[in-house]
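Chemist: Quick one, what's the 3D model for this:
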Amino acid sequence: MDKYRVTLTAEERIALEHLVSTGKAAARKLTHARILLLADTHGENHADEDIADVLGAGLRTVARVRQSFVTESLRAAIDRKSQPPRPDKIKIKGDLEQKLVQLACSDPPQGRCHWTLRLLADELVVLGLVGAISTETVRQALKKTTFSPGSSRLGASRPRPTPSTFGGWKT
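Modeler: Next up, the predicted model:
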């Protein structure tokens, strides 16, 4: 027994058949259109297992497309859902970034010859500037700044000139 029965109107069926016949869309979108065409109750009503086998899709995908069509709309069943908003990915910015660069440019702790990412992360926590921070976050913050000891260039290494492949004819 199907929980969600797909019944396409004539316009929807024509639009889906046109979409599938042209084949100029994302593979996911085409697969969802084919699922709806096979699940339509006006034609031959196929079971989810048959649809999944024919199209090489998962059973859960077929069920989800059916449900999305019945509860929402044709567009929701075919188009991709937008990603939920992500929390702010940049943890070090503004004033904290300036303090990190100042700390990295200062003299290292007693007994060390230079700052390591672990030392910088631990020092930011000790100073109370952040609750907890990973070394990767510190690395990314330093990488995007113009911080590079002894150089005014961006990044950690200087670009090297590329040798020319065109040397001209030798006679």
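Chemist: CA atoms only for stretch 137-144, dumped as CSV, please.
Modeler: This file holds the C-alpha atoms of stretch 137-144, laid out as CSV (Å, rounded to 0.1, in the frame of the first residue of the first chain):
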residue,chain,number,x,y,z
THR,A,137,41.6,27.9,12.9
VAL,A,138,44.8,29.7,13.9
ARG,A,139,46.5,28.5,10.8
GLN,A,140,43.7,29.7,8.5
ALA,A,141,43.6,33.1,10.2
LEU,A,142,47.4,33.6,9.8
LYS,A,143,47.3,32.4,6.2
LYS,A,144,44.8,34.9,5.1
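Chemist: From the recorded domain assignment, give the ranges for the chain.
Modeler: As recorded under automatic domain parsing, the domains making up the chain are 10-78, 85-156.
Chemist: Output the contacting helices and strands for the least confident helix or strand in the chain by mean pLDDT.
Modeler: Ranked by mean pLDDT, DSSP states H and E, the helix or strand of the chain with the weakest confidence is helix 135-144, at a mean of 87. Contact here means 3 or more Cβ pairs under 8 Å, 6 or more residues apart in numbering; DSSP states H and E; on that basis helix 135-144 packs against helix 95-105, helix 117-126. Where C-beta positions appear, they are placed from N, C-alpha and C, glycine not excepted.
Chemist: remind me which residues of the protein are low pLDDT?
Modeler: Along the chain, the parts satisfying pLDDT under 70 run over 1-2, 43, 85-90, 145-171.
Chemist: now the helices: where do they sit in it?
Modeler: Under the criterion DSSP state H, the chain carries helices at the ranges 10-22, 27-39, 48-55, 59-71, 74-78, 95-105, 117-126, 135-144.
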